[in-house]
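Novice: When you get a sec, could you give me coordinates for this:
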Amino acid sequence: MSLSNIFDIAGTGMNAQSMRLNTTASNIANAEAASSSIDQVYRARNPVFSTLHRSMLDGSFSSFDGPGDEVAGVKVDGVVESDAPLQPRYEPHHPQADENGYVYYPNVNVVEEMTNMISASRSYQVNVDVMNSAKQMVQRVLTLGQ
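Specialist: Residues are numbered from 1 along each chain as shown. From the prediction side, this is the model:
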């Protein structure tokens, strides 16, 4: 692995953690969004990541790890909605209560989302530190010829 690959790998890691931070922020922002219908309730979203291999960048989309298949970073495959059950609450005086008096709230666990946010921000910072260290190494290599 060359030193320049480190920038690509750390960059894809930062992109993935940025996506994770955005979905977590969206989940927290909608944690108390009430609805009178199960179909219209916000559902927690989570990004799905996979390993990006060098062979995928070359055009041969092999899912097997061969001896020459070098890791090239992280790929965001998409965002999926959580299958956790929604939270029905009996609140007959709520303006969005259905005919039975229930209001439906998202399946967002705020404590879990805050943990995800801390983890994502720390992972992002680690990738920034990796890029800074690699940059310093490249700068030192360039000064060797002086």
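Novice: okay, CA-based contacts and neighbour counts for the rest of this
Specialist: Noted.
Novice: bridging residues for residue 50?
Specialist: Beta-bridge pairing for residue 50 (DSSP bridges): residue 75.
Novice: residues of stretch 118-136 that come out buried?
Specialist: 120-121, 123-124, 127-128, 130-131, 134-135 (16 or more other Cα atoms under 10 Å).
Novice: Residue 39: which of these is nearest?
Specialist: Distances from residue 39 to the buried residues of stretch 118-136, taken as Cα to Cα, are shortest for residue 120 (29.7 Å).
Novice: pLDDT value on that closest one, please?
Specialist: Residue 120 is assigned 96 on the pLDDT scale.
Novice: Repeat that for residue 62.
Specialist: We have a pLDDT of 45 for residue 62.
Novice: now residue 68
Specialist: What the model reports for residue 68 is a pLDDT of 52.
Novice: What of the one 3 residues further on?
Specialist: Note for residue 71: predicted pLDDT of 73.
Novice: Give the closest residue to it in space, chain neighbours not counted.
Specialist: residue 53 (4.4 Å; Cα to Cα, 6 or more residues apart in numbering).
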